[in-house]
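Trainee: the sequence isn't on hand, but the structure is:
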């Protein structure tokens, strides 16, 4: 059986694919890879369909031993990658012999790396997806040292090099927004404050949401808001007045007003932001 053994799981490594959209009416978030383009690239490099399951690491990397020869690719956050103790390419397909150990080192730029394995991580799907949902506890558990992960059969030859890599410019992340469903609950200048300020990513950020510190958004209406549906990318403003951006493991309902919504094309940037990084809304 093709599989990998988790020697060191790192701070937070999960199984992710394109998620399970369509279940919010039952209270199930979509989950899935936060940096979709990076996960898709890892799959293309190793010859998988783009909906195959990959591993998503968080800052500290992961160490795996393969039980059968397979092709591996690491994308997303830049990091050192070694096979059997020897450095190999990041962002390219690498052939790994049976019994070799693959070490994905700590991120040197960005936050989350993606490990594509030829054949995909073949854990049992739940509601049509193999994604780990860290909020609802749906899907496979967060990886632990000693876990064995099945890997499916390779479908096609690896690509080795893909020319459509996403390169992120330096400086603050730039997130485009449209007005949210409760923008009228805020003072007239709230959207101008949001789009005219620089916010800093907080240490409490996770797969549920990107918590930001910076100028507070003043509300016109201060009464309680009944719980209502929340969409991916919603910019919610809790009692502190500082915004947070809901990501893939977000709850399906919320009780604070949503002032804006980030365009889906810009959300992958959020996956690679570290505490202390800066964000601008446009």
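Mentor: All right, it came through fine. Note that this is a predicted model, so its numbers are computed, not measured. Numbering: from 1, shown residues only.
Trainee: partners of the residue lying closest to residue 273 once chain neighbours are set aside in the sheet?
Mentor: With sequence-adjacent residues excluded and distances taken as Cβ to Cβ, 6 or more residues apart in numbering, residue 273 is closest to residue 201, at 4.9 Å. (Each C-beta comes from the backbone N, C-alpha and C, glycine too.) Beta-bridge partners for residue 201, by DSSP bridges, are residue 212.
Trainee: going forward, begin numbering at 783 instead of 1
Mentor: Right, with 783 as the first residue, what we last looked at is residue 983.
Trainee: now that residue 983 has come up, it's in contact with residue 1053, right?
Mentor: No: taking contacts as Cβ atoms under 8 Å, residue 983 lies outside contact range of residue 1053: 11.6 Å.
Trainee: show me what contacts the nearest residue to residue 882 once chain neighbours are set aside?
Mentor: Spatially, and ignoring its direct neighbours in sequence, residue 882 is nearest to residue 866 (4.7 Å; Cβ to Cβ, 6+ apart). When contacts are counted by Cβ atoms under 8 Å, 6 or more residues apart in numbering, residue 866 is found next to 879, 882-883.
Trainee: derive a ChimeraX selection command for the buried subset of those.
Mentor: For the buried members of the contacts of residue 866, the matching ChimeraX selection, counting by 16 or more other Cβ atoms under 10 Å, is:
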select :882,883
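Trainee: in helices, which of the contacts of residue 866 fall?
Mentor: Among the contacts of residue 866, no member is found in helices (DSSP state H).
Trainee: switch the contacts of residue 866 over to a markdown table; also include pLDDT.
Mentor: Formatted as a markdown table, the entries for the contacts of residue 866 read as follows, by pLDDT from 0 to 100:
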| residue | pLDDT |
| --- | --- |
| 879 | 98 |
| 882 | 98 |
| 883 | 98 |
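Trainee: looking at the contacts of residue 866, spot the one nearest residue 1008.
Mentor: residue 883 (52.7 Å; Cβ to Cβ).
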